[in-house]
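> Need the 3D shape of this:
(one chain, ligands or ions: 2)
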Amino acid sequence: MKLSIRAGLPLRQRVAVTGRARLSSTAVHSPEHRMVMPPGFNSKAAQCTRLTTSEPPRAPVQHESPCTSTMPPGFKAQVGRLDTFELPDKVTGSKGDMALGKALVGAWRRDGIIQIAMNDKQRKLWDEAKAASHRFFRKPHAEKAACVDSQSYSGYIASGEEVTDGIADYSEIFTITKDLDMAEPRVRAKWPCHGPCPWPDIEMKEPMTRYNENLGLEGEKLLQLAEFGLGVTPGSLTRHTRDGWHHARVLRFPPRNATNGKGKEGRGIGSHTDYGLLVISAQDDVGGLFIRRPSQDEKFANWEKSAAGLKEDDEGWVYIPPVEGTHTVILGDMMQYLTRNYLTATPHKVGLNTRERFALAYFHEPSFQAVLKPLEGGCGGLPAEPSTAETTEGVHYGTHFTNMFLRNYPDRITTQRLKAENRYSLLSTPELRTMGALPVLA
Ligand SMILES: O=C(O)CCC(=O)C(=O)O
Ligand SMILES: [Fe+2]
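Numbers count the residues shown, from 1 in each chain. Ligands and ions are numbered 1, 2, ... in the order given. Below you'll find the predicted structure:
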C-alpha cells in the first residue's frame, strides 16, 4: 500500500504534517454511470485524482482499489479520496503526537472521516476476521438464526430484521457485545443488554475477539490523540472508556439483485449516526459506504431525537471507496455531545452493490454506566459555553445504547424480555450510573 505523503520527512511526521484529507474528486454516478460534475469543477482533473491546491507537491496517490468504479449503482455522490494517517505504537505526548492529534481533529471537522493505515498485525487480524465472517454467513439459515440471546443483543440479525427509520435493512449482521457469562453479577442482576455472546463456534469467537481487542487499543490511542487535537486535559475522553461498552458488528450485504424483498431496493443500511465515541471500520474491496460531511446547515442530536433517516435521499453524500490495508474512523453521538458539536457524529449509510460485501464496524464506547457531560473548558481553544439544564444533567450512555437497540430491534427476543422483566427501570438506579459500581446481589 502506498501512503499519500510528502517525501523527505520520517513517515509518521510526514503524515502528521501533511495528513490532510480532501473530498476532492466529484465524479457523480447516475444509474447509467454518467459523470455529472457540479459547476466549477474540471471533470478531467477531478476524476480519480486530487485537486491541486497551494500545498507542496506530493507523491502521486496510488490506491490499490479503483476509485469511482466501486460506487454502488443508483447512487449520486461525490467520491472522497482520503489521505492515510499512520498512528504511533504508543501515544506519549510528543510533538509528533500533538501535531497528529490536531491533524486528525481537523480532518474530522472538515470531512467527518479519517483513514488510518493498518499495521501488519492488524492486516492479519482483519484477514482472519474476514475469513471467519465468510464462514459464518455461509452457514445454513437455521444455524445462524440459533445464535441469539435473550439478555444481550449479541448474535445474529437476519437480512430484513434490523429497522432504520422504520424501514428494514438488507444487512445481515453478527453483533458482538461484552461477552458476560450467566454467573456475572451484572447478568444475574438483569442489567439491560448484559449477557453472553451466542458464538456459533470457536472459529468465529477467537478471530473476532482478537481483532476487537486490537481495535480497542487503537480506539484508546485515537482518543488520546483527539484530546491533544481538541486541546483538552489528557484523560478527558479516556476516563469514560474504563470498562467501555465496546461492541462490533460483523456485516454482510447481499448483492442488490439477490435480496429477500423485505427492505428498500438498493439500500443496505439506512442513514444513521452511531452511538458512542468512535467507529473504526474495515471493508472488503466491494464498496458501499457513504457519509455526510459536517455541515452548519444540518443540525441533529441523535440522543435527543432520532437522526435515523437523516437526508437519506438528499444530495450531499460522499462515497468512501474501499482502500486495502486501511481502517476508516468516523465519530459517534457521544463525541458530539462531549464536544458540544465541535466534532459531530458522522451520518452514514450503506448501499448494496453488484457483488456481496463484507465489512466490520467496531464501536469504541464509554462505559455503559458513564454519565457524560460536555468537556470543560471548551474545545479547540473556543471558550466554554455556559451549562444548560440539559448539559448539567448529562447523558447516560447505557440508556442511549438501550434506546437505540430497542428502536432497531422491536421484535427481537431480547427486547421482549427486557420489557417483560421491566429491566429498563434499572437504568435510572445509582449503581447503573456510577462507573465501576457492581450490583448488590441478594
Ligand atoms: O458497512 C459499513 O461500512 C458500515 C456499517 C454501519 O454503518 C454500521 O454497522 O453501523
Ligand atoms: Fe453505522
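
> Which stretches in the stretch 101-250 of the chain count as helices?
Listed in chain order, the helices of the stretch 101-250 of the chain (DSSP state H, counting those that start in this stretch) span 120-137, 141-145, 185-188, 202-230.

> what's the closest of those helices to ligand 1?
Closest to ligand 1 of the helices of the stretch 101-250 of the chain, according to CB to the nearest ligand atom: helix 120-137, at 11.8 Å. (C-beta placed from N, C-alpha, C; glycine too.)

> quick one, what contacts the residue nearest to R256 when sequence neighbours are not counted?
Distance criterion CB to CB, 6 or more residues apart in numbering; nearest residue to R256, sequence neighbours excluded, is L352 at 3.8 Å. Neighbouring residues of L352 by CB atoms under 8 Å, 6 or more residues apart in numbering: 72, 170, 253-256, 259, 266-268, 288.

> now swap in T164 and tell me
269-272, 308-309, 408.

> Repeat that for R417.
Shown in contact with R417 (CB under 8 Å, 6+ apart): 150-151, 423.

> and it, how far is that from I116?
Using CB to CB, to the nearest Å, R417 is found at 39 Å from I116.

> cool, and E86?
From E86 across to I116, the span is 7 Å (CB to CB).

> Touching, G101 and G229? I think so.
Yes - assessed by CB atoms under 8 Å, G101 is found in contact with G229 at 3.5 Å.

> more neighbours, E86 and I116?
Each of E86 and I116 has its neighbours counted (other CB atoms under 10 Å); I116 has more, 22 against 18.

> What's opposite the more buried one in the beta bridge?
When assigned by DSSP bridges, I116 has beta-bridge partners F85, H327.

> Let me know the pLDDT of it.
As predicted, I116 sits at a pLDDT of 97.

> Identify the residues contacting it.
84-87, 218, 222, 326-329.

> switch the cut-off to 6 Å
I116 makes contacts with 85, 87, 327, as judged by CB atoms under 6 Å, 6 or more residues apart in numbering.

> and which of these is nearest to P185?
Taking CB to CB as the measure, H327 is the one of the contacts of I116 closest to P185, at 33.9 Å.

> and the closest residue to ligand 1 within the stretch 101-250 of the chain, how many residues sit next to it?
In the stretch 101-250 of the chain, the residue that lies nearest ligand 1 is R249 (4.2 Å; CB to the nearest ligand atom). Other residues near R249 come to 20 when the count uses other CB under 10 Å.

> Would you check that it makes contact with T175?
Yes - between R249 and T175 there is a contact under CB atoms under 6 Å: 5.4 Å.

> Tell me which stretches of the stretch 251-400 of the chain form strands.
Taking DSSP state E, counting those that start in this stretch as the criterion, the stretch 251-400 of the chain contains strands spanning 267-272, 278-283, 289-291, 318-319, 326-331, 348-351, 357-364, 371-372, 395-396.

> any chance of these in TSV, with mean pLDDT and mean neighbour count too?
As requested, the strands of the stretch 251-400 of the chain are exported to TSV (pLDDT from 0 to 100; neighbours: other CB atoms under 10 Å):
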stretch	mean pLDDT	mean neighbour count
strand 267-272	96	24
strand 278-283	98	26
strand 289-291	98	24
strand 318-319	97	24
strand 326-331	98	24
strand 348-351	98	25
strand 357-364	98	24
strand 371-372	97	20
strand 395-396	98	20
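
> Including distance to ligand 1, could those go into a markdown table?
Formatted as a markdown table, those follow (distance: least, CB to the nearest ligand atom, whole Å):
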| stretch | distance to ligand 1 |
| --- | --- |
| strand 267-272 | 5 |
| strand 278-283 | 5 |
| strand 289-291 | 4 |
| strand 318-319 | 11 |
| strand 326-331 | 8 |
| strand 348-351 | 5 |
| strand 357-364 | 4 |
| strand 371-372 | 20 |
| strand 395-396 | 19 |
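
> Out of those strands, the one nearest D243 is which?
In terms of CB to CB, the element of these nearest to D243 is strand 357-364, at 12.8 Å.

> which outside residues touch the closest one?
Residues contacting strand 357-364 (CB under 6 Å, 6+ apart): 130, 133, 212, 215, 219, 246-253, 274, 276-284, 286, 288.

> what's the angle from it to helix 202-230?
Here the directions of strand 357-364 and helix 202-230 differ by 60 degrees (axes from the mean of the first three to the mean of the last three CA atoms, to 10 degrees).

> for the spatially closest residue to H396 that is not a sequence neighbour, what are its contacts?
Distances taken as CB to CB, 6+ apart place V371 nearest to H396, at 5.1 Å, with adjacent residues excluded. Taking CB under 6 Å, 6+ apart, we find V371 in contact with 394, 396, 433.
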